[in-house]
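In: here are the coordinates; sequence isn't available:
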């Protein structure tokens, strides 16, 4: 009887330890994914802020894009690109000036897993508002910044 009771207690203790280990590893994994998402969104906002602070001209057609030039000859666009329900922030060149055209989906990938507007918005007023929210799994990170261009 004592042997049976001792065996049952050891089994319960091992089960409890296994459950605690599983919870800790799951939490660690989730935290790592959240940190990576935060770094990605923060880097995107910093890159945009740097470009837009040095802009000489800024324009926008809608809340999904910001068009700008730093030198008056090469024009760029940051835009939210929809890829099967998930958005990406991309940067590419415009042909034809500030109101020019570009190929949707082209350009450099700046950030992925961005939530669609109105959760994420790019506003070209002064100051410029950059508000990005990204989601990966259950982790949601938001980074917002107002930028005042120095050359306008």
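Out: Looks like it came in fine. Everything numeric in this text was worked out from a predicted model, so none of it was measured.

In: List the residues that contact the residue nearest to the spatial centre of the chain.
Out: Residue closest to the average C-alpha location in the chain (C-alpha atoms, centre = their mean): residue 41, at 3.6 Å. Residue 41 is in contact with 111, 114, 132-134, 141-143, counting by C-beta atoms under 8 Å, 6 or more residues apart in numbering. For every residue, glycine as well, the C-beta is placed using N, CA and C.

In: For it, identify the helix or strand it belongs to.
Out: Secondary structure from DSSP states H and E places residue 41 in helix 2-53.

In: which residues make contact with the next helix or strand after that helix from outside it?
Out: Next helix or strand after helix 2-53 toward the C-terminus (DSSP H and E): strand 57-59. The contact list for strand 57-59 (C-beta under 8 Å, 6+ apart) reads 52, 66-69, 72, 98-99, 124, 128, 149, 152.

In: what about 6 Å?
Out: 67-69, 98, 124 (C-beta atoms under 6 Å, 6 or more residues apart in numbering).

In: Report all helices and strands that the next helix or strand after that strand contacts.
Out: For strand 57-59, the succeeding helix or strand toward the C-terminus, using DSSP H and E, is strand 65-69. Packing contacts for strand 65-69, counted by 3 or more C-beta pairs under 6 Å, 6 or more residues apart in numbering; DSSP states H and E, involve strand 57-59, strand 75-83.

In: any idea of the angle strand 65-69 forms with strand 75-83?
Out: Relative orientation of strand 65-69 and strand 75-83, computed by axes from the mean of the first three to the mean of the last three C-alpha atoms, to 10 degrees: 160 degrees.

In: just the angle between strand 65-69 and helix 2-53, please?
Out: For strand 65-69 against helix 2-53, the angle by the same axes, to 10 degrees is 40 degrees.

In: Okay, now the sheet partners of strand 65-69, with direction.
Out: When pairing is defined by DSSP bridges, strand 65-69 lines up against strand 57-59 (antiparallel), strand 75-83 (antiparallel).
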